[in-house]
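Chemist: Have a look at this fold, sequence not included:
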């Protein structure tokens, strides 16, 4: 693509036209410092608009923003003619961004949307065009990324900042906007792992359906609100308490049974290197005994302790299943 290199007044660049913008708006401090010290090493790309003398930005939104903040009156740009195709512009926009850094998922989504536009919605063709430009996506991922752009802004930002997985974000399509925003806020504040995100979302979604409420309404309950808005609280501790509270609300009977079992196990007085585990969900009558040892004499000692435990009346109390039937 033929392009001229021209010195252009910043007032002649239309920053409202962001059709080719891939990067987030806010310029990082490092970029401001770099341009302030060394100038523009990589020139922005602009396109002459046919209707007037203004230019639209094709690549370099953050660089031009920084130049404005630095008070520059003019900036040297590579200028595409007004007749340059949308495909050519998108290729330049994507390559200019992708070759210098890894694009986050939101930036990939914007790039994918541009390619899908010029490919008339053909995800396979868009993926083929993306590869040589430094954007490694397949048709399935492209379709997911396009769906991301239809979600509320806070959800998009949570994905862009790696606070929420793309698949969890797409699960939020099944809830109302306020609920999606509320869950995004939870992920931003507590930074749960992907597995914990899935666990929490599934729990909240099921609880909301059982109570015939929105997910946002469930999160607004005092049980959760106090956890989520605790000041100076340890994030990991908050997350642990949130998960436990959610579990107790979803499975109240099972939770009570587990608590009763743990209390009875304490009464049994097991040594530190022994543990008895209840069957999962108390769905069978088979319990598991775990013994940890490193020397043969330790095992002999454990055998003696185990014999004493087997005669302890508290063991029968521990194995008594009647507490599972209590409401």
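Modeler: Cool, got the structure. Note that the structure is predicted; figures quoted are calculated from it, not measured.

Chemist: For residue 235, which non-adjacent residue is spatially closest?
Modeler: residue 190 (5.8 Å; C-beta to C-beta, 6 or more residues apart in numbering). Bear in mind the C-beta positions are built from the backbone N, C-alpha and C, glycine included.

Chemist: in the stretch 51-200 of the chain, which spans are helices?
Modeler: Listed in chain order, the helices of the stretch 51-200 of the chain (DSSP state H, counting those that start in this stretch) span 61-69, 86-98, 105-118, 123-130, 139-148, 153-160, 166-171, 177-190, 194-211.

Chemist: if we look at the fourth one, which residues are touching it?
Modeler: Outside helix 123-130, the residues within contact range by C-beta atoms under 8 Å, 6 or more residues apart in numbering are 87, 91, 94, 111-112, 115-116, 119, 136-140, 142-143.

Chemist: Identify, from those residues, the entry nearest to residue 290.
Modeler: residue 140 (43.0 Å; C-beta to C-beta).

Chemist: Kindly state the pLDDT recorded for the closest one?
Modeler: With respect to pLDDT, residue 140 scores 97.

Chemist: confidence score at the nearest residue to it once chain neighbours are set aside?
Modeler: Distances taken as C-beta to C-beta, 6+ apart place residue 123 nearest to residue 140, at 7.8 Å, with adjacent residues excluded. pLDDT recorded at residue 123 is 96.

Chemist: Number of residues surrounding residue 123?
Modeler: Residue 123 sits with 20 neighbouring residues when counted by other C-beta atoms under 10 Å.

Chemist: who's in contact with residue 100?
Modeler: Shown in contact with residue 100 (C-beta under 8 Å, 6+ apart): residue 42.

Chemist: What residues sit buried inside stretch 130-138?
Modeler: Neighbour-count burial for stretch 130-138, counted by 16 or more other C-beta atoms under 10 Å, picks out 130, 133-135, 137.

Chemist: In this model residue 186 seems to touch residue 228, though I could be wrong.
Modeler: Yes: with contacts counted by C-beta atoms under 8 Å, residue 228 reaches residue 186, the gap being 6.4 Å.

Chemist: got a list of what the nearest residue to residue 163 once chain neighbours are set aside touches?
Modeler: Counting by C-beta to C-beta, 6+ apart, residue 163 lies nearest to residue 187, which is 4.7 Å off, once chain neighbours are set aside. Residue 187 makes contact with 158, 163-164, 168, 197, according to C-beta under 8 Å, 6+ apart.

Chemist: Would you mind telling me which of residue 228 and residue 186 has the busier surroundings?
Modeler: The residue with more neighbours, out of residue 228 and residue 186, is residue 186; 25 against 16, by other C-beta under 10 Å.
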